[in-house]
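Enquirer: generate coordinates for the sequence data below:
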Amino acid sequence: MKSYDEMEFHPEAEKLVKILCAKTQNTNPLFFRVLVSYFFTLAASMMRCSIDTPDRGNIPVNMYACNLAPSGAGKGHSINIIEDHVLDQFRYNFLQSTFPMLAERNLINIANDRALQKQTDAADEFERVQKEFASIGPMLFTFDSGTSPAVKQARHKLLMAQAGSLNLQIDEIGNNLVSNAEVLSTFLELFDVGKVKQKLIKNTAENARFEDIDGRTPTNLMLFGTPSRLLMGGKTEEEFYAMLEEGYARRCFFGYLKQHTRDLSLTPQEILKLRTDTSTTQFLEDLSDKLGDLADMAYIDRKLKMSDDVALLFIEYQIQCEREAEQLPDHEEARKAELAHRYFKALKVSGTYAFIDQSPEITEDHAYQAIKLAENSGTAFEALLTRDRPYVKLAKYISDVRRPVTQADLVEDLPYYKGSSPQRQEMMTLAIAYGYQNNILIKRSFNDGIEFIHGESLNPTNLDKMLVSYSTDLAQGYRGELAPFDKLHKLTQKDGLHWANHHFEKGHRTEENAIPGFNMIVLDIDNGVNLSTAKMLMKDYRALFYTTKRHTKDEHRFRIILPTNYELKMGAREYREFMENLFDWLPFEVDRATGQRARKWLSHDGHYEYQDGYLLDILPFIPKTSKNEAYKRQILDQQGMDNLERWVMNHTGDGNRNNMLLRYSMILVDAGFDFENIRQRVFTMNGKIDEPLAEAEIMGTMMVTVSKALAKK
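Expert: Here you go, the predicted structure:
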């Protein structure tokens, strides 16, 4: 079998797809590929086209499809083009000529059979058969809703005529799915060969049962709609996925567009030219004529031959699909079913392509064209199954709405935000957790007892675009720049420049003019800790250290620039609270007056050095977030520790206990403690961590290192 990349779509169908893409200005063809194949199949099944397979017997040509695309993707426009300009002649010829002729011929046969069986007059039986046929009502080319008894009644009419198919096309499936559950259940049974069990009803003079006719009636199904309406949570979404697991996954072709794309570079003149292209009009007219000709008595009950070679190709595809399905976990029932039966859907559609090409047999090209469509459908189905869960939708809604919302807003706007208060609280907790992992920040605050929830999408920091502004003046002329982090020393070491980590409107450095947005933290250390100790403590983080003008050998004064993992936008008050949280987290004292957006620093041509490591995770320090609340509770639980002990405790985990205790002991050496003080402090710290080290191990390793370090001082 060819690789999927080597396969091509049906050429005539693909040409129509391109026309629909041009006329609707939708550049994504998947929706239209499923749509065109469905309507081609509808024509083939109306004429009772079937496939005479070597291994499975006679298989009717029919197609089920679930085709979802957002509003504005051209669903209605494209369907109108096909129905009014492509299928129009077929519909007219079939309803006005072919179906009546076939019905009359077969009604005579039914009357003769019944007269022979009952030993009655054939003319009388024919009159009764005609009355029975007429009592069912006119034959519907397509219908958009129904009931199970109505479907079975319409099917009886088709059985009497031995022509036509049942074609259910439900638009806005998100609104109409639940109300059509009964008819969809019946169509589930009709897919394979067009048979369904009859319901036993009481036979009365007013409600007489029809005489059962054994036979097959092909059925086609198209479910249209927008993904947002169908997959918006609640009962409708639950019913839809239950329907897939019950059997529609293996029966349907799928088209699924989360969003449609338009070529916005086209001018109005170019768009008009595309829509009025005469060659396009001619193709549609020719295709309409061709399909109209296919609605002729000569094409009824066409049985397409299938060679052993083509049958082997489909068997190879079946084996490949089933092997891939076997690799999937058991809980992915719908996906396993769709994949394992993908070959059967492709087999049916290959008959459609042969019928449209007026070929007496299914060729390898027809098989590959159908497999290509089936694989595209499979990709769409996998995307459909990986839809956003309700808590993910909640997180995205909160980040996109761009205003604080209350619980009342969420209940009113979101159909999936239902249930009891604990259930909604659990969903909110999951949404917040999802946000942490997917760059969405959700904040919660209370005002007069009312909870306000605000969210925003976080942009990861780009180290080539650090937000800085600088000037030679204290307050005026600040120029905003996006500078590479590894080039910041050119700013910090150039004497006479004032710089800040925010941009300012009109270059005027004031709190009111500060433009929200920063992606690095600047720490000012004035003799609170030695530079070597600070480097040791901040060893895990990417940083730039540089000494200030007043730095001396005895009094260390320096700054630490730490790029953050996300870019944040904060107002003045929130920024001050954020910085206070960060200052409390640090293991050494810093100048707390720097916690202002309009704070500036002076450059100095002194010592500088870069350090590699992780970007500073600033999520725990953002006010009014659950992560910040958890961080504050942790600080409260560690009240008995100083900042350095708390730092060591919170940075100690599985596999690094030895390294953190050694780093702690070396910091104490650097701070000037003697051996006994260091030993006591290290033992005390060791007792506070989970699964402490043996005292013998501490004395035999790190305290030996401490002794050597003290001897060198």
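Enquirer: list the contacts of residue 384.
Expert: Residue 384 makes contacts with 68, 227, 254, 256, as judged by Cβ atoms under 8 Å, 6 or more residues apart in numbering. Heads up, the C-betas are built off the backbone N, CA and C, glycines and all.
Enquirer: tell me the spacing between it and residue 646.
Expert: According to Cβ to Cβ, to the nearest Å, residue 384 and residue 646 sit 48 Å apart.
Enquirer: pull out the buried residues from the helix ranked longest in the chain.
Expert: Taking DSSP state H as the criterion, the chain has its longest helix at helix 364-385. Going by neighbour count (16 or more other Cβ atoms under 10 Å), the buried part of helix 364-385 is 365-378, 380-381, 383-385.
Enquirer: could you give the average pLDDT over whichever strand in the chain runs longest?
Expert: Scanning the chain for the longest strand, with DSSP state E as the assignment, gives strand 557-568. Confidence for strand 557-568, expressed as mean pLDDT, is 94.
Enquirer: ok, then the element right after it?
Expert: Downstream of strand 557-568, the next assigned helix or strand under DSSP states H and E is helix 572-585.
Enquirer: for that following helix, which positions count as buried?
Expert: Residues 574, 575, 576, 577, 578, 579, 581, 582, 583 are the ones in helix 572-585 that count as buried (16+ other Cβ under 10 Å).
Enquirer: relative to residue 569, how far out is the third one?
Expert: Per Cβ to Cβ, residue 576 is found 15 Å from residue 569.
Enquirer: cool, and the fifth one?
Expert: For residue 578, the distance to residue 569 equals 11 Å [Cβ to Cβ].
Enquirer: quick one: the helices in the stretch 101-250 of the chain, in order.
Expert: Taking DSSP state H, counting those that start in this stretch, the helices of the stretch 101-250 of the chain run over residues 122-135, 148-161, 173-176, 181-190, 227-230, 234-243, 249-251.
Enquirer: quick one: which of those helices is nearest residue 28?
Expert: The minimum distance between residue 28 and the helices of the stretch 101-250 of the chain falls on helix 227-230, with 13.0 Å, by Cβ to Cβ.
Enquirer: thinking again about what came up before, which one of the helices of the stretch 101-250 of the chain lies closest to residue 288?
Expert: helix 148-161 (24.4 Å).
Enquirer: helices and strands around that closest one, which ones?
Expert: helix 99-118, helix 122-135, strand 166-170, helix 181-190 (3 or more Cβ pairs under 8 Å, 6 or more residues apart in numbering; DSSP states H and E).
Enquirer: what does the pLDDT read for the residue lying closest to residue 150 once chain neighbours are set aside?
Expert: Leaving aside its sequence neighbours, residue 150 sits nearest to residue 183 (Cβ to Cβ, 6 or more residues apart in numbering; 7.8 Å). Looking at residue 183, its pLDDT stands at 93.
Enquirer: for residue 183, grab the count of nearby residues.
Expert: Here the count is done by other Cβ atoms under 10 Å, and residue 183 has 21 residues near it.
Enquirer: how far away is it from residue 132?
Expert: Counting by Cβ to Cβ, the gap from residue 183 to residue 132 is 23 Å.
Enquirer: one more: residue 387?
Expert: 47 Å.
Enquirer: quick one on the thing from earlier: figure out which of the helices of the stretch 101-250 of the chain is closest to residue 111.
Expert: Nearest to residue 111 among the helices of the stretch 101-250 of the chain is helix 122-135; the distance by Cβ to Cβ comes to 3.7 Å.
Enquirer: now the closest one against helix 99-118, angle please.
Expert: 130 degrees (axes from the mean of the first three to the mean of the last three Cα atoms, to 10 degrees).
Enquirer: report all helices and strands that helix 122-135 contacts.
Expert: helix 99-118, helix 148-161.
Enquirer: just put those in CSV and tack on mean neighbour count.
Expert: As requested, these are exported to CSV (neighbours: other Cβ atoms under 10 Å):
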stretch, mean neighbour count
helix 99-118, 16
helix 148-161, 20
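Enquirer: export these to TSV and tack on distance to residue 60 and mean pLDDT?
Expert: Listed next are those as TSV, based on distance: least, Cβ to Cβ, whole Å; pLDDT from 0 to 100:
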stretch	distance to residue 60	mean pLDDT
helix 99-118	16	92
helix 148-161	12	92
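Enquirer: quick one: which of those is nearest residue 342?
Expert: Using Cβ to Cβ, the helices and strands packed on helix 122-135 put helix 148-161 closest to residue 342, at 26.5 Å.
Enquirer: that closest one to strand 166-170, inter-axis angle?
Expert: 140 degrees.
Enquirer: how far does stretch 507-516 stretch from start to finish?
Expert: End-to-end distance for stretch 507-516: 14 Å, by Cα to Cα, to the nearest Å.
Enquirer: what sits up against it?
Expert: By Cβ under 8 Å, 6+ apart, stretch 507-516 touches 469, 471, 474-480, 498, 500, 502-506, 569-572, 596-598, 600.
Enquirer: among those residues, name the ones in strands.
Expert: 469, 471, 479, 480, 498, 500, 503, 504.
Enquirer: and those, which of them are buried?
Expert: Counted by 16+ other Cβ under 10 Å, these give 469, 471, 480, 498, 500, 503, 504 as buried.
Enquirer: columns pLDDT and distance to residue 173 on top of those residues, output as TSV?
Expert: As requested, those are exported to TSV (pLDDT from 0 to 100; distance: Cβ to Cβ, whole Å):
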residue	pLDDT	distance to residue 173
469	97	54
471	96	61
480	95	50
498	96	62
500	96	55
503	97	49
504	97	53
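Enquirer: and the residue nearest to residue 410 when sequence neighbours are not counted, what does it touch?
Expert: Spatially, and ignoring its direct neighbours in sequence, residue 410 is nearest to residue 417 (4.8 Å; Cβ to Cβ, 6+ apart). Residues in contact with residue 417, defined by Cβ under 8 Å, 6+ apart, are 233, 390, 394, 410, 411, 424, 427.
Enquirer: my read: residue 16 touches residue 36, true?
Expert: Yes. If you go by Cβ atoms under 8 Å, residue 16 and residue 36 touch, sitting 5.1 Å apart.
Enquirer: quick check: neighbours shared by those two?
Expert: Contacts common to residue 16 and residue 36, judged by Cβ under 8 Å, 6+ apart, are residue 82.
Enquirer: thinking again about what came up before, now render the buried residues of helix 572-585 as JSON lines, adding distance to residue 354 and pLDDT.
Expert: Output for the buried residues of helix 572-585, formatted as JSON lines (distance: Cβ to Cβ, whole Å; pLDDT from 0 to 100):
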{"residue": "574", "distance to residue 354": "67", "pLDDT": "91"}
{"residue": "575", "distance to residue 354": "69", "pLDDT": "94"}
{"residue": "576", "distance to residue 354": "74", "pLDDT": "94"}
{"residue": "577", "distance to residue 354": "71", "pLDDT": "93"}
{"residue": "578", "distance to residue 354": "68", "pLDDT": "94"}
{"residue": "579", "distance to residue 354": "72", "pLDDT": "95"}
{"residue": "581", "distance to residue 354": "70", "pLDDT": "92"}
{"residue": "582", "distance to residue 354": "70", "pLDDT": "93"}
{"residue": "583", "distance to residue 354": "75", "pLDDT": "92"}
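Enquirer: many thanks, I have nothing further to ask.
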